[in-house]
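Undergrad: sequence and predicted structure below; questions after.
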Amino acid sequence: MDAGMFGYKPTIWYPKPGSKDIYKRLQQQCTNMQIPTLPSTPDSQSLRTALASSDVVLDAIFGFSFQPPVRAPFDAALPLIAQSGLPIVSVDIPSGWNVEQGNVDGVGLDPDVLVSLTAPKEGVRKFAGRHFLGGRFVPKSMEEKFQLNLPEYPGFAQIVELPRVKEPSDAQKL
Ligand SMILES: NC(=O)C1=CN([C@@H]2O[C@H](COP(=O)(O)OP(=O)(O)OC[C@H]3O[C@@H](n4cnc5c(N)ncnc54)[C@H](O)[C@@H]3O)[C@@H](O)[C@H]2O)[C@@H](O)CC1
């Protein structure tokens with residue numbers, strides 16, 4: 001939704017609409033902001049067509065509860081997105097990655113940019129792309145309790161870029 005407000009022209013691929021009220025309300029907000037949702041087609045054709053006229057993919061398909069194997073329609077979608085050659089920005093955890101162990105199943109996307117929320121997850125320690133953190137809302141007490149060792153946010157910023165991992169052995173020390 002924010003992407004639409006900041007002047008981008010996002011298109012949503014949302015093949016399995018959630019039945020909970022919150023998902024319906026979020027989708028209604030997108031409709032109100034004239035952000036189109038692609039029609040759901042069995043063969044992911046609408047996704048294929050949209051990828052051909054897009055500049056970047058914002059990946060928010062699977063979250064930290066993802067478990068393989070990848071079922072339809074996402075089993076076809078992940079390779080389509082990967083093969084599109086478009087830059088990928090993943091939200092919180094790249095889709096298909098195990099939250100603790102990373103892309104151990106080999107089915108995950110390989111994003112250029114990751115935007116972790118609250119705190120980076122264990123499984124992305126070796127993520128070597130650009131890595132941002134958005135979690136300025138985390139209270140100090142929680143940070144200390146879980147020894148999160150969070151970075152400082154500059155000024156009024158809601159996100160901060162984390163140092164890049166240069167070598168596989170140089171795992172993120174957060
Ligand atoms: N759930 C949450 O509290 C949060 C989710 N966030 C992000 O929001 C996005 C969606 O997260 P969710 O937690 O809703 O994601 P889930 O992984 O729970 O589910 C997303 C969709 O994928 C389907 N799905 C799950 N596992 C599948 C499998 N193995 N094969 C095929 N389909 C499968 C589900 O039925 C659902 O339609 C992710 O980018 C995630 O990182 C973050 O913004 C942080 C908070």
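TA: Structure received. Note that the structure is predicted; figures quoted are calculated from it, not measured. Numbering: from 1, shown residues only.
Undergrad: buried residues in the helix or strand containing Gln29, which are they?
TA: Using DSSP states H and E, the element containing Gln29 is helix 21-32. Neighbour-count burial for helix 21-32 flags 27, 30 (criterion: 16 or more other CB atoms under 10 Å). For glycine as for every other residue, the C-beta is placed from the backbone atoms N, C-alpha and C.
Undergrad: with stretch 62-69 instead?
TA: Using 16+ other CB under 10 Å as the test for burial, stretch 62-69 gives 62, 66.
Undergrad: do stretch 83-103 and the ligand meet?
TA: Yes - for stretch 83-103, a contact with the ligand is found by CB under 6 Å from any ligand atom, at 91-93.
Undergrad: before we move on, the earlier item: do the helix holding Gln29 and the ligand meet?
TA: No - counting by CB under 6 Å from any ligand atom, the ligand is not contacted by helix 21-32; separation bottoms out at 8.6 Å.
Undergrad: quick one, grab the pLDDT at the residue nearest to Ser54 when sequence neighbours are not counted.
TA: Nearest residue to Ser54, sequence neighbours excluded (CB to CB, 6 or more residues apart in numbering): Leu86, at 6.1 Å. Looking at Leu86, its pLDDT reads 98.
Undergrad: which residues touch whatever residue of the chain ends up closest to the ligand?
TA: Closest residue of the chain to the ligand, CB to the nearest ligand atom: Gly63 (2.7 Å). Going by CB atoms under 8 Å, 6 or more residues apart in numbering, Gly63 touches 92-93.
Undergrad: shaky segments in the chain?
TA: 1, 4, 167-174 (pLDDT under 70).
Undergrad: dihedrals phi and psi, the spatially most central residue of it?
TA: Centroid check for the chain by CA atoms, centre = their mean gives Val91 as the closest residue, at 2.0 Å. Dihedral pair for Val91: phi -100, psi 120, per degrees, to the nearest 10.
Undergrad: that one: what's its closest spatial neighbour, skipping adjacent residues?
TA: Ala60 (4.2 Å).
Undergrad: and this protein, which residues reach the ligand?
TA: Going by CB under 6 Å from any ligand atom, the residues of the chain near the ligand are 16, 60, 62-63, 65-67, 70-71, 74, 91-93, 117.
Undergrad: which members of those are the farthest-apart pair?
TA: For those, the farthest-apart pair by CB to CB is Arg71 and Leu117; their separation is 24.5 Å.
Undergrad: tell me which of those two has more neighbours.
TA: Comparing Arg71 with Leu117 by other CB atoms under 10 Å, the one with more neighbours is Leu117, at 18 against 8.
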